[in-house]
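Trainee: make a model of this:
(one chain, ligands or ions: 1)
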Amino acid sequence: MLSNLRICAVSHQTISSVHINNICCYKVRASLKRLKPHVPLGRNYSSLPGLIGNDIKSLHSIINPPIAKIRNIGIMAHIDAGKTTTTERILYYSGYTRSLGDVDDGDTVTDFMAQERERGITIQSAAVTFDWKGYRVNLIDTPGHVDFTLEVERCLRVLDGAVAIFDASAGVEAQTLTVWRQADKHNIPRICFLNKMDKTGASFKYAVESIREKLKAKPLLLQLPIGEAKTFKGVVDVVTKEKLLWNSNSNDGKDFERKPLLEMSDPELLKETTEARNALIEQVADLDDEFADLVIEEFSENFDLLPAEKLQTAIHRVTLAQTAVPVLCGSALKNKGIQPLLDAVTVYLPSPEERNYEFLERISRLLLPFADQHVEIPSLTAGNIALTVGLKHTATGDTIVSSKSSALAAARRAEREGEKKHRQNNEAERVLLAGVEIPEPVFFCTIEPPSVSKQPDLEHALKCLQREDPSLKVRLDPDSGQTVLCGMGELHIEIIHDRIKREYGLETYLGPLQVAYRETILNSVRATDTLDRTLGDKRHLVTVEVEARPTETSSVTPVIEYAESISEGLLKVSKEAIESGIHSACLQGPLLGSPVQDVAITLYSLTIHPGTSTTMISACVSRCVQKALKKADKQVLEPLMNLEVTVARDYLSPVLADLAQRRGNIQEIQTRQDNKVVIGFVPLADIMGYSTVLRTLTSGSATFALELSTYQAMNSQDQNTLLNRRSGLT
Ligand SMILES: Nc1nc2c(ncn2[C@@H]2O[C@H](COP(=O)(O)OP(=O)(O)OP(=O)(O)O)[C@@H](O)[C@H]2O)c(=O)[nH]1
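Mentor: Residues are numbered from 1 along each chain as shown. A predicted model of the protein is given here:
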């Protein structure tokens with residue numbers, strides 16, 4: 001810690017800043033040993049990075065750099081592409097860690113949850129803040145596993161740019177497509193980093209082609225690799241025509257050599273680079289009129305004379321407009337190509353002011369994130385990312401504004417702008433952040449506390465976890481009274497279970513994992529019901545007639561209609577109760593107690609005895625709808641998953657044979673380098689526990705990605721087997 005003496009030596013105002021940074025130093029140092037403090041702990045105060053002598057203002061600039069020098073970026077990719085390894089290198093080269101963390105050793109900064117370190121995967125997005133060449137970079141490392149898609153989406157909303165990381169031997173993989181689409185939805189400018197260039201089978205050309213073909217993006221090749229796979233040793237900067245070589249004897253890749261390409265020493269590479277640069281200039285000129293004018297007017301005779309900065313500025317504009325994506329390459333594991341990637345983040349990705357968000361928060365307590373460490377800060381300027389605590393009614397997906405009036409002003413502006421339908425770059429879209437799409441849970445299981453007295457603790461833990469992760473759903477089984485967890489996948493539920501134990505100190509018991517089926521009806525049916533009950537001296541009497549019919553909405557929210565004979569006056573007093581009754585009936589279908597999908601309910605008649613409570617109206621409507629659903633021909637719907645398995649050629653046959661037994665429907669088998677990629681559909685019920693099976697079948701060499709495609713009707717044989725199993729007949 002900084003000594004008292006030193007704190008006394010600065011002015012009162014500075015004490016608070018210094019004090020804040022001191023706490024930061026202390027906390028960071030105490031628990032994240034490899035992290036260098038924001039303000040070093042050494043005796044020489046004038047040597048603090050970012051501080052010039054004892055300049056008080058510079059402390060402020062450490063916390064609040066100018067907005068043009070801020071980059072809020074995310075890292076996104078398919079599972080195992082190397083996000084965490086790349087982040088570790090970034091933190092090391094930017095000077096914020098003292099040694100290189102390794103996912104395989106379980107000591108990375110951003111994978112700080114115990115489960116992440118144990119499993120070597122990223123689950124929660126970790127935020128880290130560091131400086132690079134005078135820029136403040138707030139970086140979020142997002143999970144690649146499909147169970148945690150929501151986590152990725154909620155980060156994307158606050159980002160101004162993203163680095164998409166690819167495994168250069170695999171190119172675009174299933175989850176990359178998902179996150180790419182999410183980034184499209186939130187209009188996030190991107191740069192691509194082709195990682196693992198050192199890996200056997202790495203191919204720059206193949207990966208670039210897959211970006212072009214699968215992501216339908218226009219790659220701008222800003223670098224060319226020098227060597228590939230085992231021979232990979234550096235990159236050529238196409239913009240500046242320089243070669244960047246990493247010393248093979250260096251342990252950490254910190255030092256590398258940057259030299260202009262010369263005709264004498266590298267004639268071939270120079271020729272190749274000049275061609276790539278000319279192609280790049282033409283490509284950018286096609287996408288950016290301002291740059292096209294410059295090239296035509298001043299440099300059409302000789303592209304070599306075009307200064308690198310002019311080209312960089314144009315690439316920045318094109319990246320911001322998202323008409324193309326810069327592509328770089330390297331190997332995070334072998335410490336090559338990370339420093340130029342950081343340069344590219346500062347040069348090509350936008351600052352927050354270029355992204356035009358208009359809200360800023362005003363919250364009493366602000367914290368700067370540093371993975372699992374938080375540093376309290378007094379204030380923050382526009383465009384930074386920070387944490388706040390104690391928000392009781394805010395959940396993931398909400399947009400917070402500083403006052404009611406600014407919310408109203410934004411809504412009015414959104415409305416006005418909404419009217420100008422054909423205007424491009426709709427202001428409304430920029431003002432209001434898009435909401436997050438919460439995926440439907442496909443698995444559920446019961447969860448029980450160790451004793452009844454711990455039930456309130458379990459409820460509290462689940463409430464907190466749900467606010468953090470809306471893709472986790474919790475409900476009460478009305479028949480058994482048990483708490484039911486609904487999640488995105490086996491791993492998701494397992495992690496929640498683990499977190500309840502570690503973070504809330506509760507040892508809970510999970511029931512068997514079950515697939516979340518749905519039900520539907522196949523024909524229209526009518527039903528009537530009467531509820532007649534006297535409570536105390538009050539008679540509650542309701543008679544209802546409803547029709548249930550199938551629709552094609554693909555939704556579990558029923559369509560509700562009213563026959564003309566139902567009077568408006570009656571609806572005015574009872575509509576809410578009627579609809580709540582219909583909704584609750586459709587949540588529990590007659591076959592399996594699963595939600596009923598694709599159904600419309602029409603209320604044909606309703607008579608209510610005066611004095612009947614709304615609860616009784618609701619109960620009668622619900623019972624009547626259930627009666628109708630029961631009478632109809634019914635069908636179970638099961639989740640059908642998109643499956644992509646990447647497997648070495650030698651193991652293709654056993655994988656296909658196994659999938660055939662799992663009711664798998666193979667659509668396509670692609671060749672990706674030495675691997676085969678099997679693409680198809682498979683019912684979720686048949687793919688449970690697949691990771692273990694696949695590992696055994698392929699000696700651990702295959703990977704797979706699963707994503708919900710749709711709910712499909714089960715054939716009658718499978719349906720009967722399922723129903724018999726559920727009713728304990730088999
Ligand atoms: N050969 C090679 N392997 C790499 C490289 N970068 C990462 N890896 C390895 O790839 C595996 C996955 O790396 P991670 O950094 O955990 O990947 P991730 O994308 O963060 O994974 P998730 O967090 O699970 O999505 C680890 O075994 C790394 O050692 C690289 O540049 N070359």
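Trainee: regarding the nearest residue to residue 515 once chain neighbours are set aside, what is its secondary structure?
Mentor: Once flanking residues are discounted, residue 515 sits nearest to residue 685: 4.7 Å by Cβ to Cβ, 6 or more residues apart in numbering. Heads up, the C-betas are built off the backbone N, CA and C, glycines and all. Judged by DSSP: H, G, I helix; E, B strand; the rest coil, the three-state class of residue 685 is helix.
Trainee: wait, residue 685 touches residue 638, no?
Mentor: Yes: counting by Cβ atoms under 8 Å, residue 685 touches residue 638, with 6.1 Å between them.
Trainee: ok, the two, which is more surrounded?
Mentor: residue 638 (24 against 18; other Cβ atoms under 10 Å).
Trainee: residue 442 versus that one, what's the distance?
Mentor: Using Cβ to Cβ, to the nearest Å, residue 638 is found at 10 Å from residue 442.
Trainee: so which residues of the stretch 251-400 of the chain form strands?
Mentor: 256-260, 325-329, 366-370, 373-377, 387-388 (DSSP state E, counting those that start in this stretch).
Trainee: hey, what's in contact with both of residue 685 and residue 638?
Mentor: Overlap of the contact sets of residue 685 and residue 638 (by Cβ atoms under 8 Å, 6 or more residues apart in numbering) consists of residue 515.
Trainee: which residues of the stretch 551-700 of the chain lie near the ligand?
Mentor: Taking Cβ under 6 Å from any ligand atom, no part of the stretch 551-700 of the chain reaches the ligand.
Trainee: taking the stretch 551-700 of the chain, what residue is nearest to the ligand?
Mentor: Nearest residue of the stretch 551-700 of the chain to the ligand (Cβ to the nearest ligand atom) works out as residue 700 at 12.0 Å.
Trainee: shaky segments in the chain?
Mentor: Where the chain drops to pLDDT under 70, the residues are 1-64, 98-127, 141-158, 356-359, 361-364, 371-372, 382, 390-439, 478-479, 728-730.
Trainee: centroid-wise, who is the farthest residue in it?
Mentor: residue 537 (56.8 Å; Cα atoms, centre = their mean).
Trainee: can you get me a residue count around residue 298?
Mentor: Neighbour number of residue 298 under other Cβ under 10 Å is 12.
Trainee: who's in contact with residue 82?
Mentor: 165, 167, 195-196, 332-333.
Trainee: how about the residues of the stretch 301-450 of the chain near the ligand?
Mentor: Residues of the stretch 301-450 of the chain lying near the ligand (Cβ under 6 Å from any ligand atom): 331-333.
Trainee: quick check, nearest of those residues to residue 254?
Mentor: Using Cβ to Cβ, residue 332 comes nearest to residue 254 of these, at 13.9 Å.
Trainee: tell me how many other residues crowd the closest one.
Mentor: 28.
Trainee: got it, and residue 497?
Mentor: Neighbour tally, residue 497, other Cβ under 10 Å: 19.
Trainee: wait, residue 349 touches residue 73, no?
Mentor: Yes: if you go by Cβ under 8 Å, residue 349 and residue 73 touch, sitting 5.9 Å apart.
Trainee: ok, the two, which is more surrounded?
Mentor: It is residue 349, of residue 349 and residue 73, that has more neighbours when counted by other Cβ under 10 Å, with 27 against 23.
Trainee: ok, back up a step: what residues do residue 638 and residue 442 have in common as contacts?
Mentor: With Cβ under 8 Å, 6+ apart, residue 638 and residue 442 have common neighbours 515, 684.
Trainee: which ones are touching the closest residue to the ligand within the stretch 201-350 of the chain?
Mentor: Nearest to the ligand, among the residues of the stretch 201-350 of the chain, is residue 333, at 3.3 Å (Cβ to the nearest ligand atom). By Cβ under 8 Å, 6+ apart, the contact list for residue 333 reads 82, 85, 196, 198.
Trainee: look at the second one and give its secondary structure.
Mentor: It stands for residue 85. Residue 85 ends up helix, using three-state DSSP.
Trainee: what number of residues lie near residue 661?
Mentor: 8.
Trainee: grab the nearest non-local neighbour of residue 94.
Mentor: residue 130 (4.2 Å).
Trainee: bridging residues for the one you found?
Mentor: Counting by DSSP bridges, residue 130 forms beta bridges with residue 137.
Trainee: that one reaches residue 97, doesn't it?
Mentor: No: taking contacts as Cβ under 8 Å, residue 130 lies outside contact range of residue 97: 9.2 Å.
Trainee: joint contacts of the two?
Mentor: With Cβ under 8 Å, 6+ apart as the test, residue 130 and residue 97 both reach residue 91.
Trainee: and the residue farthest from the centre of the chain, how far is that from the ligand?
Mentor: The gap separating residue 537 from the ligand is 65 Å, by Cβ to the nearest ligand atom, to the nearest Å.
Trainee: what about that residue, distance to residue 611?
Mentor: Counting by Cβ to Cβ - residue 537 and residue 611 are separated by 10 Å.
Trainee: would you turn the strands of the stretch 251-400 of the chain into JSON lines with distance to residue 77?
Mentor: What follows is these, written out as JSON lines (distance: least, Cβ to Cβ, whole Å):
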{"stretch": "strand 256-260", "distance to residue 77": "24"}
{"stretch": "strand 325-329", "distance to residue 77": "14"}
{"stretch": "strand 366-370", "distance to residue 77": "21"}
{"stretch": "strand 373-377", "distance to residue 77": "25"}
{"stretch": "strand 387-388", "distance to residue 77": "24"}
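Trainee: wait, doesn't residue 211 sit right on residue 220?
Mentor: No: using Cβ under 8 Å, residue 211 makes no contact with residue 220, being 10.4 Å away.
Trainee: now do the shared contacts for those two.
Mentor: 325, 327.
Trainee: residue 576 should be in a helix, yeah?
Mentor: Yes: judged by three-state DSSP, residue 576 forms part of a helix.
Trainee: report the contact partners of it.
Mentor: Residue 576 neighbours (Cβ under 8 Å, 6+ apart): residue 614.
Trainee: one more time with 10 Å
Mentor: By Cβ atoms under 10 Å, 6 or more residues apart in numbering, the residues touching residue 576 are 614, 617-618.
Trainee: number of nearby residues for the residue nearest to residue 94?
Mentor: For residue 130, using other Cβ under 10 Å, the count is 22.
Trainee: got it, and the one 3 residues further on?
Mentor: For residue 133, the number of neighbouring residues by other Cβ under 10 Å comes to 12.
Trainee: what about the nearest residue to it once chain neighbours are set aside, distance to residue 85?
Mentor: Excluding its sequence neighbours, the residue lying closest to residue 133 (Cβ to Cβ, 6+ apart) is residue 346, at 6.4 Å. Computed as Cβ to Cβ, the residue 346 to residue 85 distance reads 21 Å.
Trainee: one more: residue 606?
Mentor: Where residue 85 is concerned, residue 606 sits at a distance of 64 Å (Cβ to Cβ).
Trainee: before I go, just wanted to say thanks for your time.
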